[in-house]
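*Asks:* The following comprises the amino acid sequence and a computationally predicted model.
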Amino acid sequence: MDAFFAAVEQRDDPSLRGKPVIVGSPPDRRGVVCASSYEARKFGVRSAMPSMTAGRLCPKGIFVPPRISHYREESRRIMEIIARTGAEMEPMSIDEAYLDFSKVLPDATRLDDALPIAWELKSAIKTERELTASIGIASNKFLAKIASDFQKPDGLTLIRDEERVAFLRPLPARSIHGVGKVTEQILQRAGLNTIGDLQNYKGDLRAVVGSWAATLRAYAFGEDERPLELGDDIKSISAEETFDRDTDDRSILRRCLREQAQEIAGRMKRKQLAARTVQVKVRYKNFTTVTRQISVQDPITESGEIYRLSCYLLARDKLVTGPLRLLGVGVSGLGEAKARQMALF
């Protein structure tokens, strides 16, 4: 879906259409951005960004409080529309999913045969929900994801197998899901800025990115053998610490949060995952346990983002009112790690 949270707000309130909408806390309060419309993104506003920063980048931005339960209900209705196609579906998050039409089109000989269904699906979502979706069509998950982002918003892109290597060549290496900021910097130091550079590289990629080299090279040529995951998968990742002595020392708590965020980010990176929801958990000396969470639209992968949202939750709900026995951080709403806003339907 295109800028899903913000698009729902613009649909429900026509006065917001065409304006820079920022879903999140207002800039004069300590808070974060959950999502932003395309009009706001032109100013550099992104999910997980402090609201104060967003207000400075986009002075005329219109801040709207998030309605997560409303977005989830909207997602349910959209997924029902998709299910009517009869395709096998792997929901990736609240606003994206993979669809496999092999059984719906058993006699199809070309990817082009899926185009009519794609147009019908876009039309149904637009007519019934008054929202736009961007669709990517290809022979595997990696290429379909790349294609879905190519003409956003309201896009439809087909990557034929015979065109995939040429299609990928000019794209930045960051377009490959799993290539985050750190990996991008490592590749740039090796002179690998585009996917074409990866295709042309004659050296040993293992010396650059380690054990991920084979997968990265396969992606660079548009190869991906992963099937749809139709069964159970990882729902959440968390880390927590029970202190030897109850504490409300801010330096100790901040260090604990930072280490937990780094641990979680490392586990997500190894599994090539990104998260949409961050949760904090505190337990007081009387064993009372409290949890709070926040969801953002754009998937997060970096430890700094997890740490910042965790600190925000502790401050927003004034959870450190006395010594803590336990402090924990968790992430959920997991999907594949990818470049920001590479949404797929």
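*Replies:* Great, that's in hand. Numbering: from 1, shown residues only.
*Asks:* which stretches of the protein form strands?
*Replies:* 21-24, 33-36, 62-64, 88-93, 96-100, 135-137, 156-158, 236-247, 273-284, 289-300, 324-332, 335-336 (DSSP state E).
*Asks:* Throw these into TSV and include distance to residue 211 and mean neighbour count, thanks.
*Replies:* From N, CA and C alone the C-beta is placed, and that goes for glycine too. Shown next, in TSV, are these (distance: least, Cβ to Cβ, whole Å; neighbours: other Cβ atoms under 10 Å):
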stretch	distance to residue 211	mean neighbour count
strand 21-24	38	28
strand 33-36	34	28
strand 62-64	43	21
strand 88-93	24	18
strand 96-100	25	21
strand 135-137	28	24
strand 156-158	31	19
strand 236-247	20	14
strand 273-284	17	22
strand 289-300	23	20
strand 324-332	24	21
strand 335-336	18	22
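*Asks:* closest to residue 254 out of these?
*Replies:* Closest approach to residue 254 among the strands of the chain (Cβ to Cβ): strand 324-332, 10.2 Å.
*Asks:* so how far is the closest one off the chain centroid?
*Replies:* 22 Å (Cα atoms, centre = their mean, to the nearest Å).
*Asks:* which strand residues sit across from residue 88 in the sheet?
*Replies:* residue 100 (DSSP bridges).
*Asks:* so how far is stretch 297-309 off the chain centroid?
*Replies:* 10 Å.
*Asks:* end to end, how far does that stretch reach?
*Replies:* 13 Å (Cα to Cα, to the nearest Å).
*Asks:* Show the average pLDDT along that stretch.
*Replies:* Here stretch 297-309 scores 92 as its mean pLDDT.
*Asks:* domain assignment for this structure?
*Replies:* 4-64, 68-231, 236-336 (automatic domain parsing).
*Asks:* could you dump the strands of the chain to TSV with distance to residue 112?
*Replies:* Converted to TSV, these look like this (distance: least, Cβ to Cβ, whole Å):
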stretch	distance to residue 112
strand 21-24	36
strand 33-36	34
strand 62-64	40
strand 88-93	20
strand 96-100	16
strand 135-137	8
strand 156-158	7
strand 236-247	40
strand 273-284	31
strand 289-300	31
strand 324-332	38
strand 335-336	26
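*Asks:* do you know which of those lies nearest residue 15?
*Replies:* Among those, the nearest to residue 15 by Cβ to Cβ is strand 62-64 (9.1 Å).
*Asks:* Could you list every helix and strand in contact with that closest one?
*Replies:* Where contact means 3 or more Cβ pairs under 8 Å, 6 or more residues apart in numbering; DSSP states H and E, strand 62-64 is packed against strand 21-24, helix 51-57.
*Asks:* mind listing what's buried in the longest one?
*Replies:* Counting neighbours by 16 or more other Cβ atoms under 10 Å, one finds that the buried residues in helix 51-57 are 51, 52, 54, 55, 57.
*Asks:* isn't the fourth one right up against residue 25?
*Replies:* No - under the criterion of Cβ atoms under 8 Å, residue 55 is not in contact with residue 25, lying 10.0 Å apart.
*Asks:* quick one: contacts for residue 218?
*Replies:* residue 224 (Cβ atoms under 8 Å, 6 or more residues apart in numbering).
*Asks:* no no, residue 217
*Replies:* Counted by Cβ under 8 Å, 6+ apart, residue 217 has contacts 198, 205.
*Asks:* what residues does stretch 308-328 touch?
*Replies:* 30-32, 48, 50, 238-243, 246-248, 250, 253-254, 256-257, 260-261, 278-285, 287, 289-290, 292-294, 296, 300, 329.
*Asks:* now do 7 Å
*Replies:* The contact list for stretch 308-328, computed with Cβ atoms under 7 Å, 6 or more residues apart in numbering, reads 30-32, 48, 238-243, 246-248, 253, 256-257, 260-261, 278, 280-285, 290, 292, 294, 329.
*Asks:* For residue 178, which of the strands of the chain is the nearest?
*Replies:* Using Cβ to Cβ, the nearest of the strands of the chain to residue 178 is strand 335-336, at 7.9 Å.
*Asks:* as a whole number, average confidence for the closest one?
*Replies:* The model assigns strand 335-336 a mean pLDDT of 82.
*Asks:* do the same with stretch 314-321
*Replies:* Averaging pLDDT along stretch 314-321 gives 92.
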